[in-house]
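Engineer: Sharing a model that was predicted from the sequence below.
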Amino acid sequence: MTRVPSVRRPTSFFDVFMVTAGSIALVALVLAIWHGSFARIEMGVFTLLLFVWVAWAVNRILRESVREEERTRGDSRR
């Protein structure tokens, strides 16, 4: 069953990939329609924010993975 990617609480790289792919498609569409320099600046800022979000999301996913692994190791040692 498919699910909608989560922007607030990404739990897998599926979320990161789908948000990134959708954002790239949106930027390409906007730049294809509007050719002005203001639109280019806006899309540049949007892309920068996207990169910041991707870094945060990947960091969050890896941090949660480490916590779960530590929890699993702690349970198996008992």
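Structural biologist: Perfect, I can see it now.

Engineer: could you check the distance from R67 over to R60?
Structural biologist: 11 Å (C-beta to C-beta, to the nearest Å). All C-beta atoms are positioned from the backbone trio N, CA, C, and that covers glycine.

Engineer: likewise L31?
Structural biologist: L31 is 29 Å from R60, where distance means C-beta to C-beta.

Engineer: re the thing from before, for R67 and R60, indicate the residue with more neighbours.
Structural biologist: Comparing R67 with R60 by other C-beta atoms under 10 Å, the one with more neighbours is R60, at 15 against 10.

Engineer: host element of that one?
Structural biologist: helix 37-76 (DSSP states H and E).

Engineer: which secondary structure elements does that helix contact?
Structural biologist: helix 13-33 (3 or more C-beta pairs under 8 Å, 6 or more residues apart in numbering; DSSP states H and E).

Engineer: which SS state does R3 fall under?
Structural biologist: coil (DSSP: H, G, I helix; E, B strand; the rest coil).

Engineer: For it, what are phi and psi?
Structural biologist: R3 adopts backbone torsions of phi -140, psi 160, taken as degrees, to the nearest 10.

Engineer: what mean pLDDT would you report for stretch 39-58?
Structural biologist: Stretch 39-58 carries an average pLDDT of 93.

Engineer: So which residues make contact with it?
Structural biologist: 7, 10, 13, 15-16, 19-20, 23, 27, 30-31 (C-beta atoms under 8 Å, 6 or more residues apart in numbering).
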